[in-house]
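Participant: I'd like to go over a predicted model; first the sequence, then the structure.
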Amino acid sequence: MNKLPPITAVFWIMKIAATTLGETAGDLLAQTLRVGYLASSAILVTVFVASLATQLAVKTFRPALYWTVILATSTAGTTMSDFMNRTAGLGYAAGALVLVTALLAVFAIWKSTGYSFDVQTIATFKGELLYWTAILLSNTLGTSLGDFLADDSGLGFGGTALVITAVLLLALLAMRTTPISRTLLFWIAFVLTRPLGASAGDFVSKPVSAGGMGYGTVGASVLLGSVLVALIGYTAWQQRQIRLAGLAA
């Protein structure tokens, strides 16, 4: 049984909200609370592993659990990327290159197994494990790419968010209007939502003097968390209605 959500407009809204929250929550832990990138990465990777183990063990799609794992990959990806790029000194460009290489390696392994890349057909333990590995790496890559575009390219937080939004919309448009593989376009769009979330998170949380809106990591995390919880509640309600309709039929 497929334990992953259907790919709808609500899915993409929730993905962007979760990745944006991942950026602000990761910064809240590592910077605002002064836990540090290495310790924060260890904490958040532990949370990711625990939530993923639960996700892999269940037999049906559970919205709250699924989005908890997505959020865990986003927060862990933020601190892992910052540790690589800042603490370890790789820099945004080199860090992004390392992560691109790692993500391509995962896709190569995935292809060699014979499992489909189509997330709507993933129904095995190994297939789902590859799916979550790719998500963790794509969210980590997205942080590096978003930071590179915002800081090194000179686009700033707002400019980076606009550029990535435009590219993301083109990918979604191509998904509906061109013969290009929907699976390929899905993964392109999926990866792009992370740098969009990273840039949007920085834009909302950073001070006005740095080009942001000045809400801070606490205010931004509370705001985004409220939005995500509301959407999870809506998804759970929608799932119940579908189940009841099936029983009535």
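Facilitator: Great, that's in hand.
Participant: spatially nearest residue to residue 74 (excluding sequence neighbours)?
Facilitator: In space, and not counting its chain neighbours, residue 74 is closest to residue 22: 2.2 Å by CB to CB, 6 or more residues apart in numbering. (Each C-beta comes from the backbone N, C-alpha and C, glycine too.)
Participant: please, which helix or strand holds that neighbour?
Facilitator: Using DSSP states H and E, residue 22 sits within helix 9-27.
Participant: name the helices or strands packed onto that helix?
Facilitator: helix 63-82, helix 125-147, helix 182-205, helix 216-248 (3 or more CB pairs under 8 Å, 6 or more residues apart in numbering; DSSP states H and E).
Participant: tell me the angle of the helix or strand that comes right after it relative to helix 9-27?
Facilitator: The helix or strand immediately downstream of helix 9-27 is helix 37-57, counting by DSSP H and E. Angle of helix 37-57 versus helix 9-27, following axes from the mean of the first three to the mean of the last three CA atoms, to 10 degrees, is 150 degrees.
Participant: which helices and strands sit right next to the helix or strand of the chain with the lowest mean pLDDT?
Facilitator: Counting by mean pLDDT, DSSP states H and E, the chain has its least confident helix or strand at helix 182-205, which shows a mean of 80. With contacts defined as 3+ CB pairs under 8 Å, 6+ apart, the packing partners of helix 182-205 are helix 9-27, helix 63-82, helix 125-147, helix 156-177, helix 216-248.
Participant: rerun that using 7 Å as the cut-off
Facilitator: Using 3 or more CB pairs under 7 Å, 6 or more residues apart in numbering; DSSP states H and E, the elements in contact with helix 182-205 are helix 9-27, helix 125-147, helix 156-177, helix 216-248.
Participant: quick one: residues in contact with the shortest one.
Facilitator: Outside helix 9-27, the residues that touch it by CB atoms under 7 Å, 6 or more residues apart in numbering are 5, 40, 44, 67, 70-71, 74-75, 77-79, 139, 142-143, 193-194, 196-198, 200-202, 204-205, 217, 220-221, 224-225, 227-228, 231, 235.
Participant: how far off centre is that helix?
Facilitator: 6 Å (CA atoms, centre = their mean, to the nearest Å).
Participant: residues near the residue nearest to residue 74, how many?
Facilitator: 30 (other CB atoms under 10 Å).
Participant: ok, back up a step: got a markdown table for the helices and strands packed on helix 9-27, with distance to residue 169 and mean neighbour count too?
Facilitator: A markdown table is the format used below for the helices and strands packed on helix 9-27 (distance: least, CB to CB, whole Å; neighbours: other CB atoms under 10 Å):
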| stretch | distance to residue 169 | mean neighbour count |
| --- | --- | --- |
| helix 63-82 | 21 | 25 |
| helix 125-147 | 17 | 23 |
| helix 182-205 | 9 | 24 |
| helix 216-248 | 20 | 15 |
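Participant: dump the ones you listed to a markdown table, plus distance to residue 13.
Facilitator: Formatted as a markdown table, the helices and strands packed on helix 9-27 follow (distance: least, CB to CB, whole Å):
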| stretch | distance to residue 13 |
| --- | --- |
| helix 63-82 | 12 |
| helix 125-147 | 17 |
| helix 182-205 | 10 |
| helix 216-248 | 7 |
